[in-house]
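Enquirer: next comes the sequence, and after it the predicted model I'd like to discuss.
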Amino acid sequence: MRRTDVSPHSATASSDLARRLAGGDEAALEECYTALGSLVRSYLRRFVGTEADDLLQVVFFELWRSRERLDPDRSLEGFVFALARRRAVDALRRFRPSVVNIDAFHWLVGDDGDRFVERFVLAAQLKRALSQLPEEQRESIVLAYFGGKTQQEIADELSVPTGTVKARTARGLRRLAAIMIEDRP
């Protein structure tokens, strides 16, 4: 198989390759990949790191799908790198880093930092269990244990009698304990 040199110094070869690609020549796609693949991969790595190889495949797949838009009189390299840039931007937009402020977890960690993972898992289980409670019970428990409110303050805030708050909290705690026991590994 012949290798086409696609570079700024060979505008004729690039134009010929673009014509062949636009005409549906699969060998031209392979030649383009051979000539530009490593450059595009390096370009993508600057933006998306380890996802570069996957995006490289997407770029050349998209090049094949959009081959009829190729203009042999314009830069094939420019067209390929424009596709690569768009895919890199799309990947960066999809990426939502989960940066968590460590101060948010300070209460989970003891003085020696021991049992962090255990406490984190317990907190996640508790959150999941709370979500399974009826709204009234969950609200009373959250206000009491996480909001630091007294039963009277909760009753005033919810406009219900204190006895209702006590009953909701007691039933909620029993149900919460049962859910936590059921969910144990």
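Expert: Nice, I can see it.
Enquirer: quick one: the strands in the protein?
Expert: Assigned by DSSP state E, the chain shows no strands.
Enquirer: okay, now the unreliable bits of this structure?
Expert: 1-11, 96-121, 183-185 (pLDDT under 70).
Enquirer: care to break it down by domain?
Expert: 11-94, 102-182 (automatic domain parsing).
Enquirer: list the buried residues of the longest helix along the chain.
Expert: Longest helix of the chain, by residue count under DSSP state H: helix 26-48. Of the residues in helix 26-48, 28-29, 31-33, 35-37, 40, 43-45, 47-48 count as buried by neighbour count, 16 or more other C-beta atoms under 10 Å. For every residue, glycine as well, the C-beta is placed using N, CA and C.
Enquirer: off-centre distance for that helix?
Expert: For helix 26-48, the distance from its own C-alpha centre to the chain's C-alpha centre is 25 Å (C-alpha atoms, centre = their mean, to the nearest Å).
Enquirer: now stretch 39-53
Expert: Its chain's C-alpha centre lies 18 Å from the corresponding centre of stretch 39-53 when counted by C-alpha atoms, centre = their mean.
Enquirer: who touches that stretch?
Expert: Contacts made with stretch 39-53 from outside it, assessed by C-beta atoms under 8 Å, 6 or more residues apart in numbering, are listed as 55-56, 59, 80-81, 84, 87-89, 91-92.
Enquirer: could you work out the most separated pair of those residues?
Expert: Taking every pair in the contacts of stretch 39-53 and measuring C-beta to C-beta, the maximum separation is 18.8 Å, between Val80 and Leu92.
Enquirer: so which of those two has more stuff around it?
Expert: When Val80 and Leu92 are compared on other C-beta atoms under 10 Å, the one with more neighbours turns out to be Val80, at 25 against 11.
Enquirer: does the more buried one touch Leu63 like I think?
Expert: Yes - with contacts counted by C-beta atoms under 8 Å, Val80 reaches Leu63, the gap being 6.0 Å.
Enquirer: name the residues contacting each of these two.
Expert: Cys32.
Enquirer: now do Arg46 against Asp53, distance only.
Expert: 14 Å (C-beta to C-beta, to the nearest Å).
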